[in-house]
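1. just the structure for this:
(4 chains)
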2 protein chains.
Amino acid sequence: MFKAVSLNRVSQAIVDQVKLLLRQGRLKPGDRLPSERELCERFGVSRVTVREALRVLEAGGLIDIRVGARGGAFVTSPTSRQIGEGLADLLHLSPLTAADVTEARQVIELGIIPLVVARATDQDVTALRDMVRAQQSALDRGEYVVSMPADFHARVAACTHNPAIEMLVQSFHSPLLMPLIEAPVVAPLGGYHGSEEHSAFIDAIAARDVERAQSVMREHLHRTAEPETYAVS
Amino acid sequence: MFKAVSLNRVSQAIVDQVKLLLRQGRLKPGDRLPSERELCERFGVSRVTVREALRVLEAGGLIDIRVGARGGAFVTSPTSRQIGEGLADLLHLSPLTAADVTEARQVIELGIIPLVVARATDQDVTALRDMVRAQQSALDRGEYVVSMPADFHARVAACTHNPAIEMLVQSFHSPLLMPLIEAPVVAPLGGYHGSEEHSAFIDAIAARDVERAQSVMREHLHRTAEPETYAVS
DNA sequence: TCGGTCTAGTGGTATGACATTATCTCCTAG
DNA sequence: CTAGGAGATAATGTCATACCACTAGACCGA
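-> Numbers count the residues shown, from 1 in each chain, chains lettered A, B, ... in the order given. Model (predicted):
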């Protein structure tokens, strides 16, 4: 009956207004917002207020602020990596166990395999093989980088040719979440096993064999997720 | 050799410091940060700088700021909705199509069904039935709320008893994403169809029938995603 | 006991100044 | 004629101070 009369923060109102412009498409990636001083005039507020609004927009990844002449606030064109980081933040700051995250990851990485099999092009398969070969020779030289398995899984997701899925998988391999999901495999032995399994997986994809690909990936995920299983292997 | 001493922004340094305390667990949800004026003293910076840092933390959903006596910045455990909104903003700017998002959603919501079937308790099933009944009677009264289907799907995800999965599904149903994935179903007729399908889905879950549950859900997702399909039904 | 007033503490905003940084312009030396 | 450097310029980054609005709790009176 009586609606709440809450005149929130002025800075929040500015944030909302800018977001609205973004949603309406009247501000597109690459556009430059007016300078802080000019925004003050237009909104009729002080510079502090405008700056706080810009900070919020920047923290949300919507704008990019540059200093110096020709500087200012520029609307960003978000990359899937940025979005993935946001998702990773969400997952990392909440009370999740490693098992929770691993299970969610399994759902996605196994669920996309039919799509991967259906859509992977010859270039995709070749790129995957090249990646495994490069990683294998890196291992032979004793160079193990923790991002290597992440790169592989991300490339597999790219085979779906669906940027949303790609972004989802990448978010699970963000640096923040790595300690949760792939810690046990950083040992060289685990790396070798990983390479073999990756190759077997690619073979299944090339053969368009959904069942086998899922089976290989299921085992791979299971092994890399559980230390004791890895110790036995 | 000489590492960059680019101490970019002072406010960002404060943000990082607080985030570190959060990650170390030295600040827990419910704790209250010192007042702005006290933080100024401790960090040796001005109040504006402290406030910008607090804005960033607030925008990230890490703290909650209250005014008045006994007010201040309180550490909060971020909910999926808060960060899901930020995520949705980014998604709007990204080159994702509705089809991309829908497909990603299908992978997850179909992939979790085996988990749902395996783990749903009697309470879960009862809660789902109650929800459908409540939504049906709301429809009969002519009240259709767009968040209704989102609530249902989120509750289904909760049946996995895995908070990571729950959060993932919720983020797909963030208010700003709804127009992308469930727009065609806002019409009353679509709502009725939705209720029937929801009921059929619950029956399959209660019968522990993975195949049937997946089949019902697949059709449901397919119908709500494509306007022309809906028009024919 | 109930209701109002007072008050101290806190965030919200305004103003004005100066510092820092990156880009552009132009001038000068070779 | 070209390359490089010294300003000019325009924007963000930071500071200090002041005042306002709001809220919780203490206090007080009928």
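2. any idea which element A:Leu168 lies in?
-> Using DSSP states H and E, A:Leu168 maps to helix A:163-172.
3. got the angle between that helix and helix B:163-172?
-> On the basis of axes from the mean of the first three to the mean of the last three CA atoms, to 10 degrees, helix A:163-172 is oriented at 140 degrees to helix B:163-172.
4. could you give the mean pLDDT of helix A:163-172?
-> The predicted model assigns helix A:163-172 a mean pLDDT of 84.
5. list the helices and strands it packs on?
-> In terms of contacts (3 or more CB pairs under 8 Å, 6 or more residues apart in numbering or on different chains; DSSP states H and E), helix A:163-172 is packed against helix A:80-92, helix A:98-111, helix A:147-158, helix B:98-111. In short, each C-beta sits where N, CA and C put it, glycine included.
6. reformat those helices as JSON lines; add distance to DNA strand C.
-> Listed next are these as JSON lines, based on distance: least, CB to the nearest atom of the strand, whole Å:
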{"stretch": "helix A:80-92", "distance to DNA strand C": "21"}
{"stretch": "helix A:98-111", "distance to DNA strand C": "34"}
{"stretch": "helix A:147-158", "distance to DNA strand C": "28"}
{"stretch": "helix B:98-111", "distance to DNA strand C": "34"}
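7. let me have those in CSV, extended by mean pLDDT, distance to B:Gln170 and mean neighbour count.
-> Below are these laid out as CSV (pLDDT from 0 to 100; distance: least, CB to CB, whole Å; neighbours: other CB atoms under 10 Å in any protein chain shown):
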stretch, mean pLDDT, distance to B:Gln170, mean neighbour count
helix A:80-92, 69, 10, 21
helix A:98-111, 89, 12, 20
helix A:147-158, 85, 21, 20
helix B:98-111, 88, 11, 20
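8. which one of those helices lies nearest to DNA strand D?
-> Closest of the helices and strands packed on helix A:163-172 to DNA strand D is helix A:80-92, at 18.2 Å (criterion: CB to the nearest atom of the strand).
9. A:Gly71: neighbouring residues, count only.
-> Here the count is done by other CB atoms under 10 Å in any protein chain shown, and A:Gly71 has 11 residues near it.
10. for A:Ala120, same thing?
-> Using other CB under 10 Å, A:Ala120 has 21 other residues around it.
11. what residue, apart from its backbone neighbours, is nearest it spatially?
-> Excluding its sequence neighbours, the residue lying closest to A:Ala120 (CB to CB, 6 or more residues apart in numbering or on different chains) is A:Cys159, at 4.3 Å.
12. wait, the one you found touches A:Thr126, no?
-> No. A:Cys159 is not in contact with A:Thr126 according to CB atoms under 8 Å; the separation is 11.4 Å.
13. looking at the two, which is more packed in?
-> A:Cys159 (24 against 12).
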